[in-house]
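Peer 1: Model the structure of this input:
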Amino acid sequence: MQTEDHDTFGVEVQTVRKIKELRHKVQELISPHSVRAKAADSLKRKAIRHEQEEQDSCSSGPRFPASLLFRSGLRTRNEHKLRRSRELTHNID
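Peer 2: Numbers count the residues shown, from 1 in each chain. Predicted structure coming up:
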């Protein structure tokens with residue numbers, strides 16, 4: 001009787017080991033797609049992008065706020081309009 005119990009116990013142990021191995025393999029396959037792994041990858045990409053932007057901004061010169069750039073654009077557009085209107089009035093006279 002003990003040999004039969006021992007045999008079934010050995011089979012159960014092997015089955016448990018196989019289940020643990022399968023779980024481990026599944027976790028290895030799933031882990032790259034997990035939320036934690038995706039978040040870590042995203043943070044790495046964001047850090048790399050931020051470093052690249054800092055290097056680019058340092059080499060390109062000073063950065064101006066959008067409002068100053070907008071006003072500068074309006075100013076140059078108005079200067080061009082004024083020049084055109086003066087040229088038209090000068091050509092008419």
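Peer 1: OK, contacts around residue 74?
Peer 2: Under the criterion of Cβ atoms under 8 Å, 6 or more residues apart in numbering, residue 74 has no contact partners. (Each C-beta comes from the backbone N, C-alpha and C, glycine too.)
Peer 1: Next, work out how far apart residue 42 and residue 48 are.
Peer 2: 11 Å (Cβ to Cβ, to the nearest Å).
Peer 1: same check, this time on residue 10
Peer 2: In terms of Cβ to Cβ, residue 10 sits 52 Å off from residue 48.
Peer 1: Over to residue 25?
Peer 2: In terms of Cβ to Cβ, residue 25 sits 31 Å off from residue 48.
Peer 1: With residue 17 instead?
Peer 2: 42 Å.
Peer 1: Tell me the helix or strand right after the one helix or strand residue 46 maps to.
Peer 2: In this structure, residue 46 sits in helix 35-60 according to DSSP states H and E. Note on helix 35-60: by DSSP H and E, the next helix or strand toward the C-terminus is helix 66-92.
Peer 1: Now that following helix: buried residues?
Peer 2: Under the neighbour-count criterion of 16 or more other Cβ atoms under 10 Å, helix 66-92 has nothing buried.
Peer 1: How far does that helix sit from its chain's centre?
Peer 2: 41 Å (Cα atoms, centre = their mean, to the nearest Å).
Peer 1: Report the rounded mean pLDDT for it.
Peer 2: Regarding helix 66-92, the rounded mean pLDDT is 90.
Peer 1: Walk me through the domains of the chain.
Peer 2: 1-62, 65-93 (automatic domain parsing).
Peer 1: and the longest helix for the protein?
Peer 2: For the chain, the longest helix by residue count, based on DSSP state H, is helix 2-30.
Peer 1: show me the contacts for residue 91.
Peer 2: Residue 91 touches nothing, counting by Cβ under 8 Å, 6+ apart.
Peer 1: measure it to residue 84 for me?
Peer 2: For residue 91, the distance to residue 84 (Cβ to Cβ) stands at 11 Å.
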